[in-house]
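Participant: Generate coordinates for the sequence data below:
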Amino acid sequence: MTDAEQLRISDAQQRLIGGCMRRQGFEFWEAERLSLAESRTLGYVLDDIGWARTYGYGSRLQVEEAAARAGNPNLAYRKRLSEQRRTAYDEALDGGIDGPMISVEIPGGGTVRKRMGGCVAESEKKLYGNPREWFRAEKISGHLRSLYVPKLLGDRRFSAALDVWSRCMKRAGYDHEDPGDSRQAAIARSDRVDEPGVFEAEKKLAVADATCARYAELRSIGEERESHYLDQLRDRYGEALDTYTRLQHRALDRARKIVGPRV
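Facilitator: Below you'll find the predicted structure:
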């Protein structure tokens, strides 16, 4: 799904949770809706030169997002409640400390658990139909990366594209092996993003990264090879992948009736 579609589902869930909490007698503030551009998910390859020219690697957006989380009015509201009301708030939100738990074994080993109750469970039921089925499909699909990414990074065609990208970056004055290395260099300075020149340097690096990614066709080659290795896992995980896609589209259809798109 596109970022816009995923955000619409997320916004719809916030709307549903808010309505549910208010019916339980509590106040609830929906998360601030940033613009579509500000909410972008970068992924491994950044090839949007215009976005890079404006936001760099998004370090300032991350600072703003962290500040918004710290200043979340729901946290402040919960803190002001009496102990008894705070317990009731938690139970209303997700079932509280004694709420029902669900778990799923993830690819690569390990188990992920989640509290399944209250308004969160109600919102997921309205969007996805079956919260337990959604949780299982989402976690399995999301953790498949640990199985195929090592193969992707060692793939001959993708490695060749990375070499083209790296040589392009050297011509632009940067010595980085891959986009992850380039981005890490920017992250290392992200705590100084408000200092004069630091953000400008980040944007310049990001623009070079995006320009070279386009030149090397890094996104198209990466997506094609990713599909290739993901297909190799379908015998074991195909059902979860299909369920994930089906339930996402079901949730999107329902979200469109609840909230408008971000712009």
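
Participant: Tell me which stretches of the chain form strands.
Facilitator: Using DSSP state E, the strands found in the chain span residues 101-105, 111-115.

Participant: Including distance to Trp134, could these go into CSV?
Facilitator: From N, CA and C alone the C-beta is placed, and that goes for glycine too. CSV is the format used below for those (distance: least, C-beta to C-beta, whole Å):
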stretch, distance to Trp134
strand 101-105, 10
strand 111-115, 11
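
Participant: mind checking which helix or strand of the protein has the lowest mean pLDDT?
Facilitator: Least confident helix or strand of the chain, by mean pLDDT, DSSP states H and E, is helix 59-70 with a mean of 87.

Participant: hey, C-alpha coordinates of that one in PDB?
Facilitator: C-alpha atoms of helix 59-70 as PDB (Å, rounded to 0.1, in the frame of the first residue of the first chain):
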ATOM      1  CA  SER A  59      15.900  14.500  10.800                       C
ATOM      2  CA  ARG A  60      14.000  17.700  11.700                       C
ATOM      3  CA  LEU A  61      10.700  15.900  11.200                       C
ATOM      4  CA  GLN A  62      11.900  13.200  13.600                       C
ATOM      5  CA  VAL A  63      12.700  15.800  16.200                       C
ATOM      6  CA  GLU A  64       9.300  17.300  15.800                       C
ATOM      7  CA  GLU A  65       7.700  13.900  16.000                       C
ATOM      8  CA  ALA A  66       9.600  13.000  19.200                       C
ATOM      9  CA  ALA A  67       8.400  16.300  20.800                       C
ATOM     10  CA  ALA A  68       4.800  15.600  19.800                       C
ATOM     11  CA  ARG A  69       5.000  12.200  21.400                       C
ATOM     12  CA  ALA A  70       6.500  13.700  24.600                       C
END
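
Participant: Could you check how far it is from the centre of its chain?
Facilitator: Its chain's C-alpha centre and that of helix 59-70 lie 15 Å apart, by C-alpha atoms, centre = their mean, to the nearest Å.

Participant: Just the buried residues of that helix, please?
Facilitator: For helix 59-70, burial by neighbour count (16 or more other C-beta atoms under 10 Å) applies to Ser59, Arg60, Leu61.

Participant: Measure how buried the closest residue to the last one other than its chain neighbours is and give me the count.
Facilitator: By that I understand Leu61. Counting by C-beta to C-beta, 6 or more residues apart in numbering, Leu61 lies nearest to Glu38, which is 5.6 Å off, once chain neighbours are set aside. The burial count assigned to Glu38 is 16, neighbours taken as other C-beta atoms under 10 Å.

Participant: Relative to Leu127, how far out is the most centrally placed residue in the chain?
Facilitator: In the chain, the centroid-proximal residue (C-alpha atoms, centre = their mean) is Thr41; its distance is 6.2 Å. Thr41 is 19 Å from Leu127, where distance means C-beta to C-beta, to the nearest Å.

Participant: One more: Trp165?
Facilitator: Distance of Trp165 to Leu127, given as C-beta to C-beta: 38 Å.

Participant: if we can go back for a sec, who are the packing partners of the least confident helix or strand of the chain?
Facilitator: helix 198-215 (3 or more C-beta pairs under 8 Å, 6 or more residues apart in numbering; DSSP states H and E).

Participant: I'd like to check the angle between the helix it packs on and helix 59-70, please.
Facilitator: Angle, helix 198-215 to helix 59-70, by axes from the mean of the first three to the mean of the last three C-alpha atoms, to 10 degrees: 110 degrees.

Participant: what distance separates helix 198-215 from the middle of the whole chain?
Facilitator: Centroid separation for helix 198-215 versus its chain: 22 Å, with C-alpha atoms, centre = their mean.

Participant: So which bits of it are buried?
Facilitator: Using 16+ other C-beta under 10 Å as the test for burial, helix 198-215 gives 198-199, 202-215.

Participant: and that helix, average pLDDT?
Facilitator: The pLDDT scores in helix 198-215 average 95.
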